[in-house]
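Engineer: Compute the structure for the input listed below.
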Amino acid sequence: MVFSRQKFNRYALAGVVTAAIAAGVAVPSALSQDSVIQIDGSSTVFPINEAMAEEFMAANRGTQVTVGVSGTGGGFKKFCADELDITGASRPIKQSEMETCAAAGIEYIEVPVATDALTVVINHDNTWASEMTTDQLKMLWEPAAEGTITRWNQIDPSWPNEPITLFGPGTDSGTFDYFTEEIVGEGGASRADYTASEDDNILVLGVSRDVHALGYFGLAYYLENQDKLKSVAVNGVSPTAENVENGTYVPLSRPLFIYVKKSSLENNPQVRAYIKFVLDNAAQVVPEVGYVPLSDDRYASILAGL
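Structural biologist: Next comes the predicted model:
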């Protein structure tokens, strides 16, 4: 099976990502319940799920796989409400989400699928902020910055005396949780005066249209929009697959997951077949859509444990 980055770059186009993959949103009534796999969750994990779902459906003509984009938190809300078979997550499940799932009788298995280099981005024509420290990012994004740190020269006096326009994930996003935890020092602690969206394409569009803008999201969305954006080296290290693998891109390297409902895995053969398909093909698909794969042995070990 041959995968091509060009084949899976639809998520990088301007506009809002649709809630289902190209095969269609509607589920044909002729399909049995066991022939429908419902996936939602992280926009960061969406490119992996989209690519896998399309290829899985091509190989399993009687199966419909829908892939939504509600953000990690939004996905867990649906998952714990028994609305999904699988949800994507750009952070581990929270204790509160575990408790919600447990109260609803939802058991699940956590499946690591890739590693991301969470990427800080600026406009392609920005000539001054190609490197930032974690201290500078904290200064810019911490709650105390709201209404106070509003111009580039407040971060570095040598930078322009121009307003900063900020774009970032909404509060249902695992990327928001991870970034605030690692950069600000407290999960969920952030200034609120920025343009927020669970759809990373909206963030791409915003930063690409404003030379004074800055934002952050998963590596895949940056790689597909390098003609419009620049990545920011954090503490002098660029967000690349090589720097994730050698352990130097810290603290913004992070694992990506899918969570599968145990009852779906045990009772729906198509869900089990889909998870097997993901793990069998992840080493090839994950780098094609812009993330860093786990080792072949790790994928094999995860599959053996299901």
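Engineer: Contacts only, for Ser190.
Structural biologist: Residues counted as contacts of Ser190 (Cβ atoms under 8 Å, 6 or more residues apart in numbering) are 141-143, 168, 176, 180, 184. From N, CA and C alone the C-beta is placed, and that goes for glycine too.
Engineer: any idea which element it lies in?
Structural biologist: Counting by DSSP states H and E, no helix or strand carries Ser190.
Engineer: From Ile183, how far out is it?
Structural biologist: Distance of Ser190 to Ile183, computed by Cβ to Cβ, to the nearest Å: 9 Å.
Engineer: same deal with Asn243?
Structural biologist: Remark: distance between Asn243 and Ile183 (Cβ to Cβ) = 17 Å.
Engineer: Those two: which is more packed in?
Structural biologist: With other Cβ atoms under 10 Å as the criterion, Asn243 and Ile183 differ in neighbour count, and Ile183 comes out ahead with 25 against 18.
Engineer: Spell out the secondary structure type for that one.
Structural biologist: At Ile183, secondary structure determined by DSSP: H, G, I helix; E, B strand; the rest coil is helix.
Engineer: Just to check, it is in contact with Leu137?
Structural biologist: Yes. The pair Ile183 / Leu137 is scored as a contact, 4.9 Å apart, by Cβ atoms under 8 Å.
Engineer: what touches both of Ser190 and Ile183?
Structural biologist: Residues touching both Ser190 and Ile183 (Cβ under 8 Å, 6+ apart) are Trp141.
Engineer: got the buried residues for stretch 211-226?
Structural biologist: 212-225 (16 or more other Cβ atoms under 10 Å).
Engineer: swap in stretch 254-274?
Structural biologist: Neighbour-count burial for stretch 254-274 flags 254-261, 264-265, 268, 270-271, 274 (criterion: 16+ other Cβ under 10 Å).
Engineer: Measure how far stretch 137-150 is from the centre of its chain, please.
Structural biologist: Computed by Cα atoms, centre = their mean, to the nearest Å, the chain-centroid distance of stretch 137-150 equals 24 Å.
Engineer: Kind regards, and thank you for your time.
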